[in-house]
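> predicted model and sequence below, questions to follow.
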Amino acid sequence: MSEKVKLPVEVAEAIEAHRKCHHDNAIIISQSFEVKDNGAHRNSIRDFASDNFDTFLQALVNGYEVEETPEDKVREYFKQLNDDHGVWSNGHKTSSSPYGYELTGCVRTLNLLGINIKGVND
């Protein structure tokens, strides 16, 4: 069996919306490329598939995974670092471990950039 491909979250959500309506692959493809339709789900698929048609077809046939967003990647990094070293609690560094400084730097950088990520600095 072929490997699953990674899709942007909006494309995965669009496919899932079709699947909830019990649409098979042929219907997903035909409805996504109808010129008369301007639905957000169909536009997401059409925009992605116009540059990545083979990947889109692979996703329909073999399945897919959702690409992590940059926020997801930061959240996972923060969580893994804290789980491994247990130096962060309730928004504050709780030990003098060097990893605490790394976590603090992560939070301060996000704050300076005005970015809030649930589970990290929000």
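Okay, I see it. Numbering: from 1, shown residues only.
> next, the buried residues of the helix or strand harbouring Arg108.
Under the criterion of DSSP states H and E, Arg108 resides in helix 98-113. The neighbour-count check on helix 98-113 (16 or more other CB atoms under 10 Å) flags Tyr99, Gly100, Glu102, Leu103, Cys106, Val107, Leu110 as buried. All C-beta spots, glycine's among them, are computed from the backbone N, C-alpha and C.
> from the contact counts, what lies against that helix?
helix 70-85, strand 92-93 (3 or more CB pairs under 8 Å, 6 or more residues apart in numbering; DSSP states H and E).
> run the chain-centre distance for the first one.
Taking CA atoms, centre = their mean, to the nearest Å, the mean C-alpha location of helix 70-85 is offset from the chain mean by 15 Å.
> give me the residues contacting it.
68, 88, 97, 99-100, 102-103, 106, 110, 115, 117-120 (CB atoms under 8 Å, 6 or more residues apart in numbering).
> most widely separated two among those?
Glu68 and Ser97 (26.2 Å; CB to CB).
> wait, which of the buried residues of helix 98-113 is closest to Glu16?
Leu110 (29.7 Å).
> what's the pLDDT at that closest one?
Looking at Leu110, its pLDDT is 92.
> excluding chain neighbours, what is closest to it?
Nearest non-adjacent residue to Leu110, counting by CB to CB, 6 or more residues apart in numbering: Asn121, 4.9 Å away.
> sorry, back to before: what angle sits between the helix holding Arg108 and helix 70-85?
Relative orientation of helix 98-113 and helix 70-85, computed by axes from the mean of the first three to the mean of the last three CA atoms, to 10 degrees: 160 degrees.
> okay, now the unreliable bits of the chain?
1, 35-42, 84-98 (pLDDT under 70).
> quick one, domains of it?
Domains of the chain are assigned by automatic domain parsing as 5-66, 70-113.
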